[in-house]
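1. I'd like to go over a predicted model; first the sequence, then the structure.
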Amino acid sequence: MKIYMVGGAVRDRLLGRAVHDTDWVVVGATPEQMTAQGYMPVGKDFPVFLHPQTHEEYALARTERKSGMGYRGFVVHTSPDVTLEEDLARRDLTINAIAAPADWASAAAVFDPYNGQADLQAKVLRHVTDAFREDPVRILRVARFAARFTDFTLAPETLELMREIVAAGEVDHLVPERVWQEISRGLMEEKPSRMFELLRACGALQVLLPELDRLWGVPQRAEYHPEVDTGVHAMLVLDMAAQLQAPLTVRFACLCHDFGKGTTPADMLPRHIGHEQRSARLLQTVCERWRVPTDSKELADVVAREHGNIHRSGELNAAAVLRLLERCDAIRKPARFAQALLACECDARGRTGFENTPYPQRPRLLAALQAALAVETAPVAQAAAAQGLKGKAIGDAVSKAREQAIANWMAG
């Protein structure tokens, strides 16, 4: 029974990066031997155990054989006879197919049968073996690594293999939860645009996210968007969100905010009248397809519907600002509104030549919201009730007080 550190932990140590999670593979052991030593079994599809002290994952060495379509179409084989090289052969990229002994002290001690160290030095993302084609999730993983390792290039043979996987229809059978898991992780990488550009290059984006894929080649008004191409703009917005260290909810909203521009009638281009509502409808379909968490879905809906109005909010009077706040449910959910404003700033600065342009709408609307929230509503409601007002009329009185507070703030 031998234990090896594998995958990302070895890769990141060789790159001099911080290691956050360590994966282990156990060669020459049975499940019974693992449990006898106090390891807790947790794997459903193949034998994985938690260490009794550290609770890190230890997986028995295994091989996999394709048995059907999609992510779950595998027969997994584990046995004490499975070698470390056989286990590494089923991994996605050569840079992730490097192993090291548990007491690893130097780079010379690594086990690297697929030349992962050479690809690390050359900054190349390359598949390990032809077994790569057996799991379509690997397409998403490679795209995610492209977003993380921004100075790495994709090996041409790996891109061709990814295209073959898409052409075979494998991507159509991906489990929604796995798609969202990989997409959400890719969104949080250093340059998320690279993930979607790679997915587009291999044809997977057209299958997984046609709402985004169709944006490339759609023109916009050059006076507002010097980059003109809507798909290029979408990627600039995503990378601006990463630059501003936005949370996942904001990045997903940025991804979806312009979907409606892909369905603008040709005779209307390059204008996109009404694209906000079309974007909101399309993103709902995406959220259902991927089973996107509620917080990301709700913020994306607000941003899709209102980003144009937020951009133009400097022209609004107090009454119109209050209506905007109410449509965004900002009074009840001020933190979510703050995230919506961050997404809008990413949209405004995610344009060629506008990267360093201030976005005054964000602090202005946050201040207007604070003025509205500062209104003590109970006395206003009591005074309205004392005048014989009821129901909606009392609510209108509260809104009027908030409007006046915003007007006072604007008057300065």
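-> Noted; the coordinates are in hand. Bear in mind the structure is a predicted one, so any value in this text is a computation, not a measurement.
2. in contact with residue 299, which residues?
-> Residue 299 sits next to 249-250, 252-253, 336, 339-340, 343 when contact means CB atoms under 8 Å, 6 or more residues apart in numbering. For glycine as for every other residue, the C-beta is placed from the backbone atoms N, C-alpha and C.
3. which pair of those residues spans the longest distance?
-> 252 and 336 (13.0 Å; CB to CB).
4. re the thing from before, closest one to residue 411 out of the contacts of residue 299, please.
-> Within those, the smallest distance to residue 411 is 25.7 Å, found for residue 340 (CB to CB).
5. mind telling me what element that closest one is part of?
-> Under the criterion of DSSP states H and E, residue 340 resides in helix 334-349.
6. the closest residue to residue 144 other than its chain neighbours - how many residues pack around it?
-> For residue 144, ignoring the flanking residues on the chain, the nearest one in space by CB to CB, 6 or more residues apart in numbering is residue 186 at 4.0 Å. Using other CB atoms under 10 Å, residue 186 is surrounded by 26 other residues.
7. now residue 127
-> For residue 127, the neighbour count with other CB under 10 Å is 23.
8. am I right that it is in contact with residue 154?
-> No. Under the criterion of CB atoms under 8 Å, residue 127 makes no contact with residue 154, lying 9.7 Å away.
9. give the residues shared as contacts by the two.
-> Contacts common to residue 127 and residue 154, judged by CB under 8 Å, 6+ apart, are residue 142.
10. can you point out the buried residues in stretch 359-379?
-> 359, 361-362, 364-365, 368-369, 371-372, 375, 377 (16 or more other CB atoms under 10 Å).
11. tell me the two of the residues you listed that are most distant?
-> Largest separation among these by CB to CB: 359 and 377, giving 30.2 Å.
12. can you list the domains in this protein?
-> By the assignment in automatic domain parsing, the chain contains the domains 1-116, 242-354, 371-411.
13. how many other residues sit next to the nearest residue to residue 360 once chain neighbours are set aside?
-> Nearest non-adjacent residue to residue 360, counting by CB to CB, 6+ apart: residue 314, 6.8 Å away. Other residues within reach of residue 314, judged by other CB under 10 Å, total 11.
14. quick check: residue 314 vs residue 291, distance?
-> Using CB to CB, to the nearest Å, residue 314 is found at 38 Å from residue 291.
15. cool, residue 184 as well?
-> Distance from residue 184 to residue 291, by CB to CB: 11 Å.
16. more neighbours: which of the two?
-> With neighbours defined as other CB under 10 Å, residue 184 and residue 291 compare such that residue 184 has more, 17 against 12.
17. low-confidence ranges, the stretch 101-250 of the chain, go.
-> 106-108 (pLDDT under 70).
18. which residues of it fall in helices?
-> Applying DSSP state H, counting those that start in this stretch to the stretch 101-250 of the chain gives helices spanning 116-122, 137-148, 156-167, 176-187, 193-202, 204-208, 210-213, 230-243, 248-256.
19. what helix or strand does residue 319 sit in?
-> Element membership for residue 319 (DSSP H and E) is helix 318-327.
20. and stretch 116-134, how far from the chain's centre?
-> Stretch 116-134 sits 24 Å away from the centroid of its parent chain (CA atoms, centre = their mean, to the nearest Å).
21. ugh, typo on my part, it should be stretch 164-181
-> Centroid separation between stretch 164-181 and its chain, computed with CA atoms, centre = their mean, is 16 Å.
22. neighbours around the nearest residue in space to residue 359 that is not next to it in sequence, how many?
-> Spatially, and ignoring its direct neighbours in sequence, residue 359 is nearest to residue 345 (4.2 Å; CB to CB, 6+ apart). By other CB under 10 Å, 25 other residues sit near residue 345.
23. pretty sure residue 345 contacts residue 362?
-> Yes. Taking CB under 8 Å as the definition, residue 345 is a contact partner of residue 362 at 5.2 Å.
24. torsion angles phi and psi at residue 300?
-> The phi/psi pair for residue 300 (degrees, to the nearest 10) reads phi -60, psi -40.
25. OK, contacts around the closest residue to it other than its chain neighbours?
-> Counting by CB to CB, 6+ apart, residue 253 is the residue found nearest to residue 300 once chain neighbours are left out, at 4.2 Å. Residue 253 is in contact with 296, 299-300, 302-304, 339-340, 343, counting by CB under 8 Å, 6+ apart.
26. can you put these in a markdown table and add distance to residue 199 and pLDDT?
-> Shown next, in a markdown table, are the contacts of residue 253 (distance: CB to CB, whole Å; pLDDT from 0 to 100):
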| residue | distance to residue 199 | pLDDT |
| --- | --- | --- |
| 296 | 19 | 98 |
| 299 | 23 | 98 |
| 300 | 19 | 98 |
| 302 | 26 | 98 |
| 303 | 22 | 98 |
| 304 | 21 | 98 |
| 339 | 25 | 98 |
| 340 | 26 | 98 |
| 343 | 22 | 98 |
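27. how close does residue 277 get to residue 308?
-> Using CB to CB, residue 277 is found at 10 Å from residue 308.
28. try residue 116
-> Look at residue 116 and residue 308: by CB to CB, they are 48 Å apart.
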